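> Generate coordinates for the sequence data below:
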Amino acid sequence: MKPRIIPIENKFSNEVIDLILNIQQNEFNVAITIEDQPDLLNIQNFYYASGGHFWGAFVNEELVGTIALVKFNDSQAAIRKMFVKKEFRGKEFSIAQQLLDTLLDYCLKNQIDDLYLGTITVLEAALRFYERNHFVRIEKQSLPETFPVMSADNVFCHLKLKK
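Predicted coordinates:
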């Protein structure tokens, strides 16, 4: 069962919000609300206007995963909103990997040389996933000045795309 990965636009906001808030609040007990994430209410303005992107993975027309890219200068971007519904995680489905591969392909085609992300320590499986994909943990002070830090984030990673 191969997911269909497509660009996400504002018309999918409700599905995106349901998926992400459910994972954040109910599964990982992260104290975050939709008010803390206004980007989800206007995906096109927030992600696409600056040269970023937002993708969703659909299985039988159900949104089961998301990943977004925020471009914060000419050649650097940040991964945001990487979430996969619990029932669709793991190697059996490889949805997280397919979402990340889609994003990496976009970066290579759009001259994005450095990819960063911030996450929280409680998301250990996510951190292992990024490390398997050659992301390296870095200190917060090593982030580019223009990196959009989220208040909850306490672990940061970097992937150099251009050798």
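> what helices or strands is the longest strand that the chain contains leaning on?
In the chain, with assignment by DSSP state E, the single longest strand is strand 62-73. Strand 62-73 sits against helix 13-21, strand 53-59, strand 76-84, helix 95-109, with contacts defined as 3 or more Cβ pairs under 8 Å, 6 or more residues apart in numbering; DSSP states H and E. (Glycine included, C-beta is placed from N, CA and C.)
> most tightly surrounded among these?
Highest mean neighbour count of these: strand 76-84, a mean of 23 (counted as mean count of other Cβ atoms under 10 Å).
> And the longest strand of the chain, what's buried?
By 16 or more other Cβ atoms under 10 Å, the buried positions in strand 62-73 come out as 63-72.
> still on that earlier bit, and residue 44, which of the helices and strands packed on strand 62-73 is closest to it?
Judged by Cβ to Cβ, the one of the helices and strands packed on strand 62-73 that comes nearest to residue 44 is strand 53-59, at 8.4 Å.
> the inter-axis angle of that closest one versus helix 95-109?
Interaxial angle, strand 53-59 versus helix 95-109 (axes from the mean of the first three to the mean of the last three Cα atoms, to 10 degrees): 150 degrees.
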